[in-house]
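>>> build me a model from this:
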Amino acid sequence: MSGRFDSNPFAEEEVNPFANPGSVPPASNSKLSPLPPEPADFNYDRGATVDIPLDSAKDLKKKEMELQAKEAELKKREQELKRREDAAARAGIVLEEKNWPAFFPIIHQDIANEIPIHLQRLQYVAFTTLLGLTACLLWNIIAVTTAWIKGEGVTIWFLAIIYFITGVPGAYVLWYRPLYRAMRTESALKFGWFFLCYMLHIGFCVLAAVAPPIIFKGDSLAGILPAIAFIGDNVLVGVFYFIGFGFFALESVVSIWVIQQVYMYFRGSGKAAELKRDAARGAVRAAL
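Numbering: from 1, shown residues only. As a prediction, this is how the structure comes out:
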């Protein structure tokens with residue numbers, strides 16, 4: 001140690017951690033060079049804002065005004081529609097939406113909500129006679145088809161088809177719908193139309209139940225007379241015609257009950273006198 005002066009004998013020697021472990025640390029006081037400074041324009045992308053184009057206040061106000069105009073137009077249309085519905089209701093016009101049968105709506109039917117509760121039972125029975133007529137004419141086609149197969153000719157089959165395709169829609173238009181509207185609106189004129197057409201319906205059912213030998217010996221209708229004639233020659237055809245007679249007879253009885261009940265209500269409610277007054281006024285206007 002002679003000949004060497006150490007200014008600080010207690011200072012620790014600096015050791016390079018990256019040097020070779022087996023090498024001897026240098027005796028000099030050299031230090032590690034610091035890292036170069038970061039450039040001034042160095043930028044981390046963390047938290048950088050993204051410019052999103054926003055509509056100006058003027059555009060937002062314009063869109064708001066457009067929405068308000070559309071809302072006012074819709075409200076105006078709703079008010080106009082309601083006004084028309086109210087006017088139609090006051091005039092006795094009811095929009096009838098087809099809702100029966102549910103799987104394929106072809107007619108309007110809402111007895112529970114549109115017919116007075118004391119008339120609903122009668123209206124349901126009247127609707128049953130419409131369905132009964134449909135069943136009668138459908139069975140009539142089956143019976144006549146059986147007779148045709150057994151050699152009675154194709155003409156009676158065509159007549160049976162005509163009875164069905166004209167009878168069912170005709171019954172709905174001529175007497176069931178007038179009765180439905182008469183029950184709903186208490187219209188004396190519609191009651192009068194129902195009585196006229198329903199009596200024709202009853203007359204046809206009685207005629208079909210008897211089936212007199214008027215048109216092709218009555219074989220186009222499954223009534224009692226052709227059933228008796230067929231039972232001796234062909235039992236199957238005779239049985240089918242007897243069943244048809246039972247359908248038409250039952251339809252006639254129920255229909256007579258319906259027209260009797262409707263007439264009793266018609267007279268008891270004073271609609272008969274109203275109809276007479278309307279008829280008298282019409283006759284006077286026609287005379288003048």
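>>> from residue 123, how far out is the residue most central in space within the chain?
In the chain, the centroid-proximal residue (CA atoms, centre = their mean) is residue 99; its distance is 5.7 Å. Using CB to CB, to the nearest Å, we find residue 99 at a distance of 16 Å from residue 123. The way it works is simple: take the backbone N, C-alpha and C, and place the C-beta from them, glycine included.
>>> so which bits of the one helix or strand residue 146 maps to are buried?
Element membership of residue 146 [criterion: DSSP states H and E] is helix 120-147. By neighbour count with 16 or more other CB atoms under 10 Å, helix 120-147 contains the buried residues 122-123, 125-127, 129-130, 132-133, 136-137, 139-141, 143-147.
>>> list of residues touching stretch 201-211?
Residues from elsewhere that reach stretch 201-211 (CB atoms under 8 Å, 6 or more residues apart in numbering): 129, 133, 136, 140, 167, 171, 174-175, 218-219, 221-227, 244-245, 248-249, 251-252, 255-256, 259.
>>> just the ones in helices from these, please.
129, 133, 136, 140, 167, 171, 224-227, 244-245, 248-249, 251-252, 255-256, 259 (DSSP state H).
>>> pull out the buried residues from those.
Using 16+ other CB under 10 Å, the buried members of the ones in helices among the contacts of stretch 201-211 are 129, 133, 136, 140, 167, 171, 224-227, 244-245, 248-249, 251-252, 255-256, 259.
>>> low-confidence bits of the stretch 151-288 of the chain, can you list those?
Flagging of the stretch 151-288 of the chain using pLDDT under 70 yields the residue ranges 270-288.
>>> that one: helices as residue ranges?
Along the stretch 151-288 of the chain, counting by DSSP state H, counting those that start in this stretch, helices occupy 155-171, 177-185, 188-210, 224-233, 235-268, 271-287.
>>> residue 87 is nearest to which of these?
Closest of those to residue 87 is helix 177-185, at 16.0 Å (criterion: CB to CB).
>>> mind listing what's buried in that closest one?
Counting neighbours by 16+ other CB under 10 Å, helix 177-185 gives 177, 178, 179, 180, 181, 182, 183, 184 as buried.
>>> between these, which is nearest residue 116?
The closest of these to residue 116 turns out to be residue 183 (CB to CB; 7.1 Å).
>>> dump the residue contacts of the closest one.
By CB under 8 Å, 6+ apart, the contact set of residue 183 is 115, 116, 119, 122, 123.
>>> that one and residue 81, how far apart?
For residue 183 relative to residue 81 (CB to CB), the value is 28 Å.
>>> and residue 135, by the same measure?
41 Å.
>>> for residue 154, see how far away the closest residue to residue 213 other than its chain neighbours is.
With sequence-adjacent residues excluded and distances taken as CB to CB, 6 or more residues apart in numbering, residue 213 is closest to residue 225, at 6.7 Å. With distances taken as CB to CB, residue 225 is found 21 Å from residue 154.
>>> go on, residue 75?
According to CB to CB, residue 75 and residue 154 sit 64 Å apart.
>>> that older thread, wait, the residue nearest to residue 213 touches residue 214, no?
No: using CB atoms under 8 Å, residue 225 is not in contact with residue 214; the gap is 10.3 Å.
>>> touching both of the two, which residues are there?
Counting by CB under 8 Å, 6+ apart, nothing touches both residue 225 and residue 214.
>>> on that earlier part again, looking at the helices of the stretch 151-288 of the chain, which is closest to residue 59?
helix 177-185 (55.2 Å).
>>> so what touches stretch 123-142?
Residues outside stretch 123-142 that contact it (CB under 8 Å, 6+ apart): 109, 111, 115, 157, 160-161, 163-164, 167-168, 171-172, 176, 179-180, 183, 201, 205, 208, 221-222, 240, 243-244, 247-248, 250-251, 254-255, 257-258, 261-262.
>>> run the chain-centre distance for that stretch.
Chain-centre distance of stretch 123-142: 24 Å, with CA atoms, centre = their mean, to the nearest Å.
>>> rounded mean pLDDT for that stretch, please.
The average of the pLDDT scores along stretch 123-142 is 97.
>>> kindly export it (C-alpha atoms) in CSV.
C-alpha atoms of stretch 123-142 as CSV (Å, rounded to 0.1, in the frame of the first residue of the first chain):
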residue,chain,number,x,y,z
GLN,A,123,-129.5,-15.8,-32.2
TYR,A,124,-127.4,-18.9,-31.4
VAL,A,125,-130.3,-21.2,-32.3
ALA,A,126,-130.8,-19.3,-35.5
PHE,A,127,-127.2,-19.7,-36.3
THR,A,128,-127.6,-23.4,-35.6
THR,A,129,-130.3,-23.6,-38.2
LEU,A,130,-127.9,-22.1,-40.7
LEU,A,131,-125.3,-24.8,-39.9
GLY,A,132,-128.1,-27.4,-39.9
LEU,A,133,-129.1,-26.4,-43.5
THR,A,134,-125.5,-26.8,-44.5
ALA,A,135,-125.4,-30.3,-43.0
CYS,A,136,-128.7,-31.2,-44.6
LEU,A,137,-127.6,-30.1,-48.1
LEU,A,138,-124.2,-31.8,-47.7
TRP,A,139,-125.8,-35.1,-46.7
ASN,A,140,-128.2,-34.7,-49.6
ILE,A,141,-125.2,-34.7,-51.9
ILE,A,142,-123.9,-37.9,-50.3
